[in-house]
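Peer 1: Compute the structure for the input listed below.
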Amino acid sequence: MSKPNTCLASVRKIPKRKLFETLVQAYAKDLYRYGYWLSGDSGIAEDLVQETMMRAWRSIDSLKDPKAAKSWLFTILRRENYRRFKKKSVQLEVASIDDAQVQPHLVSDDGLSHMDNLAMRQALHKMPKVYSEPLVLQVLGGYSCDEIAQIIDIKPGAVMTRICRAKKRLRNILKHDHAPRSSHA
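Peer 2: Below you'll find the predicted structure:
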């Protein structure tokens with residue numbers, strides 16, 4: 001796949017419809033993965049992506065810098081997820097890992113087994129969202145610290161700190177959860 005940002009090199013020269021189609025093609029899968037991570041539900045993730053794309057279409061003219069397209073879309077999705085909770089007047093809750101299904105496209109190709117993948121997801125859900133969200137954006141979204149800072153509206157230094165703390169917490173959780181249990185018979 002070619003770099004999406006190079007496809008968007010001259011935003012003003014591309015017709016609005018073509019620009020939008022390029023954005024959808026380039027980022028729909030990443031948006032779905034992020035939406036799924038936020039919601040823990042494939043149907044909700046699809047709805048979040050659809051609503052994100054509708055909002056993006058309506059405000060495509062506000063996209064001035066093509067290099068910011070990905071973070072712009074992720075910010076829209078994140079805000080849309082927030083609106084979802086605000087509308088229902090429900091407290092923000094983390095999706096239940098026990099009820100969540102691991103989607104085939106979320107299982108990595110790097111040799112992690114289904115159980116390793118599930119353990120990783122469970123560990124991420126055990127830590128506070130302030131730490132897990134920047135880490136997921138970096139790993140799943142491939143974002144830089146500056147882009148993550150823009151998406152979640154914090155300083156880049158705070159992003160680096162949170163990612164570092166998230167990795168440390170993740171290691172500790174995985175170590176603790178997979179430590180051999182001594183049996184006293």
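
Peer 1: ok, now how distant is the residue nearest the centre of the chain from Lys175?
Peer 2: The chain has Tyr34 as the residue nearest its centroid, 2.8 Å off, counting by CA atoms, centre = their mean. Look at Tyr34 and Lys175: by CB to CB, to the nearest Å, they are 27 Å apart. C-beta here means a position set from N, CA and C on the backbone, and glycine is covered the same way.

Peer 1: Would you confirm that Ile173 contacts Met127?
Peer 2: Yes. Ile173 lies in contact with Met127 (CB atoms under 8 Å); the separation is 6.7 Å.

Peer 1: The residue nearest to the centre of the chain: which element?
Peer 2: Per DSSP states H and E: Tyr34 is located in helix 16-39.

Peer 1: Pull out the buried positions in that helix.
Peer 2: Buried residues in helix 16-39, defined by neighbour count with 16 or more other CB atoms under 10 Å: 19-20, 22-23, 26-27, 30-39.

Peer 1: what do you get for stretch 145-160?
Peer 2: Cys145, Glu147, Ile148, Ala149, Gln150, Ile151, Ile152, Val159.

Peer 1: secondary structure class for Met160?
Peer 2: Secondary structure assignment for Met160 (DSSP: H, G, I helix; E, B strand; the rest coil): helix.

Peer 1: If we ignore the residues flanking it in sequence, what's nearest it?
Peer 2: Using CB to CB, 6 or more residues apart in numbering and skipping residues adjacent in sequence, the residue nearest Met160 is Cys145, 5.4 Å away.

Peer 1: any idea how far that neighbour lies from Lys129?
Peer 2: 18 Å.

Peer 1: what's the answer for Ile163, then?
Peer 2: Using CB to CB, one gets 13 Å for the distance from Ile163 to Lys129.

Peer 1: Compare these two and say which is more crowded by neighbours.
Peer 2: Ile163 (19 against 14; other CB atoms under 10 Å).

Peer 1: looking at it, Pro134 is touching Ile152, isn't it?
Peer 2: Yes. Using CB under 8 Å, Pro134 is in contact with Ile152, at 6.7 Å.
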